[in-house]
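Need the 3D shape of this:
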Amino acid sequence: IVLKAANLIKEYCSVEEGVRIELNKNIPDQKGLGGGSSDAASTLIGLKRFWGLDISKKELLDLALQLGSDVPFFVFGKTAWAEGRGEILKEFDYKERFFLLALPEITGPSGFLPSSEVLVAMWMYFVATGFCLAEVNLATLCALGSSKDGVSLFSVTRSTLGNGGALVFSAAYVFMHECLTIACCLKGAEILSSGKYVADVGFDEAVLVFGGAIGLFVALSNEKVLDFTNRLLVLFIVSALIGLVSLCVGEVDAANLERSDFSVVGNTIPGVAVAFVYQSVLPSVVSSLEGDVPKIKKATILGTAVPLAMFLLWNAVVLGALSGEDLMTSGVNPVDLLASKIESGYGTVLIDAFSFSAVATSFIGFTIGLKSFIADGLRSVDVKSEPISYALTLIPPLTFAITYPDVFISAIDNAGTFGVIVIFGLLPPLMVYSYRKSAKEFESKITMSTEMTRQKALIDSIALPGGDWTLFAIFAFSACVILQELFERVGG
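Purely as a prediction, here's the structure:
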């Protein structure tokens, strides 16, 4: 095909001189990876420059089409959406177009069945780690005499793992919130700068408008206003999801759902981990339910099963409506492809409403959580300033989002691996192990009273079966995920 390309452009431009071409193949032949097509495109472009030909980009694309349907794509030279035989190319600038929903982008390569298994497995994993956190929180609550003060994830981590554990928790907590705040800024800015709703807003300005406006709203609003706003945004999310599913369900093809690639399923774990962040509310749940273990278990399982069902449904709709070829389109958001398949004009509006509401409510939550954590840290060094707390909360992620606008998925993956899995996967079994070890040493030195025996039985009733082996399995899995991501980054 290289020879064909050379002869084609030589004849088209009436070139008299010849040329020697040396081809070094790295992509396997006849594997459907576009190796030959890219070679042909490189030949056309290279000879145009080598011979100094006065030929337009359109003429070059027309010649490329004579060599193959996907050769024009490589001549085009940019991320693009191809239509027709491959001759209709529309630029897709991924620097300013980010993924509407991370889930289909993360789960798409592996397919519906493998990714759904990961979703269910990660749900079970985080329910288990939730029970670990509930156990140590319940033990702390009993030790405090049912007091609701001071029972937080940070205080429990420090009491069980010492200052070293608290330091790891703090670093991972800040890193996770920074990454997710960046992801929210990028998605919110992508919608604002799309030109569909607000005219003449550049991406950098949109980042500042989105992050600054919502950050200012959080700073000036009281708890009741923020709670009402959050409930309203959640209502929008649910309503938009129902509308999208009703519009898209007719596009689902069972054959698309059967496509599977288990070889890449491990890559979905970090992103999926972000979907099950609920553990921050567990101390409040344990306290508000006054240590009622059956209710704590029920709240943990059902409270996470509802989002799981929603994720599985959305995963099925998006991956079921798109073919394997659709999902392999480089740089194109699967949900954008889905929107193009929806005949109703409401599809894009619902997608944007769903996306904007999701990132807005998430941004509010991350801002409140990170600001509170930073404010607590500043108070420990006798600095009590709300403006400084908010500045330290908002300025770094906004600056990073403007500087690196193409890190949406990367931010989510990093938050999942080095934030969520560290805090809510790696540390909980260590916390439980440390607590149980200390409790055994304490019990061996005293005579247990009736009340102490009752409390111990209460705490034991929420413990995971399998003892230390279960804790080791959770810790080992968490460590493997983190190490794998580290090796990939070092190797990459």
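
pull the longest helix from the chain.
Criterion DSSP state H: the longest helix present in the chain is helix 153-192.

buried ones in it?
153-154, 156-161, 165-166, 168-170, 172-192 (16 or more other Cβ atoms under 10 Å). C-beta: built from backbone N, CA, C; applies to glycine.

Stretch 212-223 now?
Using 16+ other Cβ under 10 Å as the test for burial, stretch 212-223 gives 214-215, 218.

Residue ranges in the stretch 351-492 of the chain under the pLDDT threshold?
380-384, 491-492 (pLDDT under 70).

residue contacts, the residue lying closest to Ala41 once chain neighbours are set aside?
Nearest non-adjacent residue to Ala41, counting by Cβ to Cβ, 6 or more residues apart in numbering: Phe74, 3.4 Å away. In this structure, Phe74 makes contact with 34, 37-38, 40-42, 64, judged by Cβ atoms under 8 Å, 6 or more residues apart in numbering.

residues contacting the residue minimising distance to the centre of the chain?
When Cα atoms, centre = their mean is applied to the chain, the residue found nearest the centroid is Ile412 (3.5 Å). Neighbouring residues of Ile412 by Cβ under 8 Å, 6+ apart: 102, 106, 179-180, 183, 270-271, 274.

any idea which helix or strand carries it?
Assigned by DSSP states H and E, Ile412 belongs to helix 408-415.

State the distance from the residue nearest to Ala41 to Glu59.
With the distance defined as Cβ to Cβ, to the nearest Å, Phe74 ends up 16 Å from Glu59.

can you check Leu186 too?
Leu186 is 38 Å from Glu59, by Cβ to Cβ.

same thing with Gly108?
Per Cβ to Cβ, Gly108 is found 36 Å from Glu59.

Who has more neighbours out of these two?
Ranked by neighbour count (other Cβ atoms under 10 Å), Gly108 and Glu59 place Gly108 first, with 26 against 15.

Low-confidence ranges, the stretch 151-300 of the chain, go.
151.

mind listing the strands for the stretch 1-150 of the chain?
80-83, 88-91 (DSSP state E, counting those that start in this stretch).

least reliable of those strands going by mean pLDDT?
Here the strands of the stretch 1-150 of the chain differ in mean pLDDT, and the lowest is strand 80-83 at a mean of 50.

can you pull out the helices in the stretch 301-450 of the chain?
Listed in chain order, the helices of the stretch 301-450 of the chain (DSSP state H, counting those that start in this stretch) span 324-327, 334-341, 346-379, 386-403, 408-415, 421, 427-443, 450-460.

right, so of those, which gets closest to Ser69?
Ranking the helices of the stretch 301-450 of the chain by proximity to Ser69 (Cβ to Cβ) places helix 324-327 first, at 12.4 Å.

Mind checking the pLDDT average for the closest one?
66.

And for Arg49, the neighbour number?
So Arg49, with other Cβ under 10 Å, has 8 neighbours.

From Ser37, how far out is it?
Distance, Arg49 to Ser37, using Cβ to Cβ: 19 Å.

on that earlier part again, chain center to the helix or strand that comes right after the helix holding Ile412, what's the gap?
Using DSSP H and E, the helix or strand that follows helix 408-415 in sequence is helix 421. Put simply, helix 421 sits 13 Å off its chain's centre (Cα atoms, centre = their mean, to the nearest Å).

And for stretch 466-476?
On Cα atoms, centre = their mean, the centre of stretch 466-476 falls 27 Å from the chain's centre.

list the buried ones in it?
Quick answer for stretch 466-476 (16+ other Cβ under 10 Å): 470-471, 474-475.

And stretch 440-451, by the same measure?
By 16+ other Cβ under 10 Å, stretch 440-451 has no buried positions at all.

Skipping its backbone neighbours, what lies nearest Thr300 in space?
Here the residue nearest Thr300, using Cβ to Cβ, 6+ apart, is Gly130, at 4.9 Å.

okay, now that neighbour: neighbour count?
The burial count for Gly130: 24, using other Cβ under 10 Å.

one step back: among the buried residues of stretch 466-476, which lie within helices?
470-471, 474-475.

if we take the residues you listed, which one ends up nearest to Ala206?
Distances from Ala206 to these, taken as Cβ to Cβ, are shortest for Ile474 (40.8 Å).

what's that closest one in contact with, if anything?
Here Ile474 is in contact with 125, 128-129, 132, 425, 428-429 (Cβ under 8 Å, 6+ apart).

Thought Glu135 was touching Leu282, still the case?
No: using Cβ atoms under 8 Å, Leu282 is not in contact with Glu135; the gap is 10.3 Å.

returning to that earlier point: next secondary structure after the longest helix of the chain?
Later in the chain than helix 153-192, the nearest helix or strand by DSSP H and E is helix 203-220.

Measure how that following helix sits relative to helix 386-403, angle-wise.
160 degrees (axes from the mean of the first three to the mean of the last three Cα atoms, to 10 degrees).

buried sites along the next helix or strand after helix 203-220?
Sequence-wise, the next helix or strand downstream of helix 203-220 (DSSP H and E) is helix 223-248. Neighbour counts using 16+ other Cβ under 10 Å place 226, 229-230, 233, 236-237, 240-241, 243-245, 247-248 of helix 223-248 among the buried residues.

and the angle for helix 223-248 with helix 346-379?
Using the same axes, to 10 degrees, one finds that helix 223-248 and helix 346-379 are set 150 degrees apart in direction.

What is helix 223-248 packed up against?
Under the contact definition 3 or more Cβ pairs under 8 Å, 6 or more residues apart in numbering; DSSP states H and E, helix 223-248 sits against helix 293-321, helix 346-379.

The longest one packs against which elements?
If I follow you right, that is helix 346-379. Under the contact rule (3+ Cβ pairs under 8 Å, 6+ apart), helix 346-379 is packed against helix 153-192, helix 203-220, helix 223-248, helix 334-341, helix 386-403.

Show me which residues of it are buried.
Residues of helix 346-379 classed as buried: 347-348, 350-371, 373-375, 378 (neighbour count, 16+ other Cβ under 10 Å).

and what of the shortest one?
Buried residues in helix 293-321, counted by 16+ other Cβ under 10 Å: 293, 296-297, 299-300, 304, 308, 310-312, 314-321.

Nearest to Gly419, out of the helices and strands packed on helix 346-379?
Nearest to Gly419, of the helices and strands packed on helix 346-379 and by Cβ to Cβ, is helix 153-192 at 2.4 Å.

rewinding a little: what distance do you get for the residue nearest to the centre of the chain to Val285?
Taken as Cβ to Cβ, the span from Ile412 to Val285 is 26 Å.

pretty sure Thr417 is touching Val272, no?
No: between Thr417 and Val272 no contact is recorded; they are 11.1 Å apart, counting by Cβ under 8 Å.

Looking at those two now, which is surrounded by more residues?
Between Thr417 and Val272, counted using other Cβ under 10 Å, the more crowded position is Thr417 (28 against 24).

and the closest residue to Lys4 other than its chain neighbours, how many neighbours?
Spatial nearest neighbour of Lys4, excluding adjacent residues (Cβ to Cβ, 6+ apart): Leu67 at 6.1 Å. Applying other Cβ under 10 Å, we find 22 other residues in the vicinity of Leu67.

Might you report the residue contacts of Leu67?
By Cβ under 8 Å, 6+ apart, the contact set of Leu67 is 1, 4-5, 8, 37, 40.

thinking again about what came up before, check the contacts of Phe74 against Phe262 and report the nearest one.
Gly34 (24.0 Å).

Quick one, grab the pLDDT at that closest one.
62.
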